[in-house]
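**Student:** I would like the atomic coordinates for the input below:
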Amino acid sequence: MKKVEIKIEGMHCEGCSKRLTKVLSNVEGANTVEVSLENKLADIEYDETIAKLEDFYEAIEDAGFEVVK
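**Tutor:** Got it, this is the predicted structure:
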């Protein structure tokens, strides 16, 4: 398992963070996902033999948020 922290812009409410948690949890290979509205971060643990970091970036952007690299 690999753990990453992704900084995210564009979340404005608790609904945004809950929706993003669901979107990221649905990425194949995701194990645990915690999204913090206050810190504008997603902490993700995933199986790197199944998913790539770019899969999570793409899911965030497809959901209408911005990844800060």
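**Student:** what's the residue nearest to residue 50 when sequence neighbours are not counted sitting at in phi/psi?
**Tutor:** Once flanking residues are discounted, residue 50 sits nearest to residue 29: 3.2 Å by CB to CB, 6 or more residues apart in numbering. The way it works is simple: take the backbone N, C-alpha and C, and place the C-beta from them, glycine included. Recorded main-chain torsions at residue 29 are phi 100, psi -10, according to degrees, to the nearest 10.
**Student:** any idea how far residue 29 is from residue 43?
**Tutor:** The gap separating residue 29 from residue 43 is 15 Å, by CB to CB, to the nearest Å.
**Student:** Can I get the top helix by length along the chain in PDB? Just the C-alpha atoms.
**Tutor:** Criterion DSSP state H: the longest helix present in the chain is helix 14-25. Written as PDB, here are the backbone C-alpha positions of helix 14-25 (Å, rounded to 0.1, in the frame of the first residue of the first chain):
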ATOM      1  CA  GLU A  14     -18.800  19.900   3.600                       C
ATOM      2  CA  GLY A  15     -20.900  18.600   0.700                       C
ATOM      3  CA  CYS A  16     -17.900  19.100  -1.600                       C
ATOM      4  CA  SER A  17     -15.600  17.100   0.600                       C
ATOM      5  CA  LYS A  18     -18.100  14.300   1.100                       C
ATOM      6  CA  ARG A  19     -18.700  14.100  -2.700                       C
ATOM      7  CA  LEU A  20     -14.900  14.100  -3.300                       C
ATOM      8  CA  THR A  21     -14.400  11.300  -0.700                       C
ATOM      9  CA  LYS A  22     -17.000   9.200  -2.500                       C
ATOM     10  CA  VAL A  23     -15.400   9.900  -6.000                       C
ATOM     11  CA  LEU A  24     -11.900   9.000  -4.700                       C
ATOM     12  CA  SER A  25     -13.100   5.900  -2.900                       C
END
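**Student:** which residues are in contact with whatever helix or strand comes next after it?
**Tutor:** Once helix 14-25 ends, the next helix or strand along the chain (criterion: DSSP states H and E) is strand 30-36. Applying CB atoms under 8 Å, 6 or more residues apart in numbering, the set of residues contacting strand 30-36 from outside is 1, 8, 11, 17-18, 20-21, 24-25, 41-47, 51, 56.
**Student:** I'm done for today, thanks for sticking with me.
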